[in-house]
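# Here is the input, now give the coordinates:
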Amino acid sequence: MTGPSRHSLDGVPVTAVPPELALYPYGAFTTFVAVDGEVLAWGRHEDRLARSAAELWGQELDRAELRATLRRHLDGTTAESVRVSVYPAELDLAAPASASGCRVLVSSRASAWPIPVVTRFRVRTTPHRRELPELKSTSLLMQIKLRRESQLAAYDDALFVDGDRVLEGTTWSVVLWQDGVVVVPDGDVLPSITADVLVRVADRLGWRREVRELTVADLAAADLVLAVNANNPARAISEVDGCAVPVDADLLDAVAGGYRDQARDPI
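Numbers count the residues shown, from 1 in each chain. Presented below is the predicted three-dimensional model:
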């Protein structure tokens, strides 16, 4: 996140990331935009955290306490970009099998709502596959490194590929729109909650969904290619490796409007 932010740990305001998470970033997170205490697909975010805690250290997440913690953090806010991280309360680097408990770190900052449309996002392809791509891990070493290298090369970000096959971005997913079909790449990528919301938008616009292999060449032939996450659901990729990618401005506006109008869930 950028800009001023607020943090709370297990419901108590804090001013810094707790040292145990900073030293051993063994955890998972999810990100969303909360508007007046409501979130798109809240149940999916909750499920993501619960599955991650169970897989990483065998912990059953207390969902009621999670929701109570979030409500306290968001009390009185209007639109906030929120990241919720979960990690073990007890973790010995030499004996991770004994990890136990669960701490909840909530970080947030004010967010523009409705989320603005982005028409120019330049990426370069980078061969990379995230470790445990099905998990939204708190360990972001390679994503940050590869984003930095792309920005130093005058791009906005890195698009991960396997050969010519498109996977995902550093902290975003790819959603392609072409000829009445919206395509989400298959393979070893993080299941994207935002992409699934956009599939609902596509259905309302009369587009059908496919999950299949995408190549770099497919991007150049599309009507619109989005680099999506919770903070950027309407961000159009305009260039890949220096080659222009079409941006259908009317379609982009329709997608942004459909996303804005989706029903939100109270926490």
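
# how far away is Ala28 from Tyr87?
Distance from Ala28 to Tyr87, counting by C-beta to C-beta, to the nearest Å: 8 Å. The C-beta positions use only the backbone N, C-alpha and C, and glycine is treated the same way.

# shared neighbours of those two, which are they?
Residues touching both Ala28 and Tyr87 by C-beta atoms under 8 Å, 6 or more residues apart in numbering: Thr138.

# Can you give me the end-to-end span of stretch 186-205?
In stretch 186-205, first residue to last residue: 23 Å (C-alpha to C-alpha, to the nearest Å).

# residues in contact with it?
So stretch 186-205 is contacted by 30, 32, 40-41, 44-45, 48, 129-130, 133-136, 162, 165, 167-168, 173, 175, 177, 182, 184, 208-209, 211-213, 226, 228-230, 233, 254-255, 258-259, 262 (C-beta under 8 Å, 6+ apart).

# My read is that Gly206 contacts Gly180, right?
Yes: counting by C-beta atoms under 8 Å, Gly180 is a contact partner of Gly206 at 7.1 Å.

# More neighbours: these two, which one.
Legend: neighbour count by other C-beta atoms under 10 Å for Gly206 and Gly180, higher for Gly180 (11 against 7).

# can you give me the strands in the stretch 101-250 of the chain?
103-110, 122-127, 157-162, 165-169, 173-178, 181-185, 208-212, 224-228, 239-240, 243-244 (DSSP state E, counting those that start in this stretch).

# Let me know the distance separating Thr215 from Pro185.
Shown here: Thr215 relative to Pro185, a distance of 10 Å by C-beta to C-beta.

# how distant is stretch 192-201 from the center of its chain?
Averaged C-alpha coordinates place stretch 192-201 at 11 Å from its chain's average position (C-alpha atoms, centre = their mean, to the nearest Å).

# now stretch 40-60
The answer for stretch 40-60 is 14 Å, by C-alpha atoms, centre = their mean.

# Can you tell me what sits against it?
Counting by C-beta under 8 Å, 6+ apart, 26-30, 32-33, 39, 61, 63, 66-67, 84, 86, 88, 91, 96, 99-102, 135-136, 193, 196-197, 230, 262, 264-267 sit against stretch 40-60.
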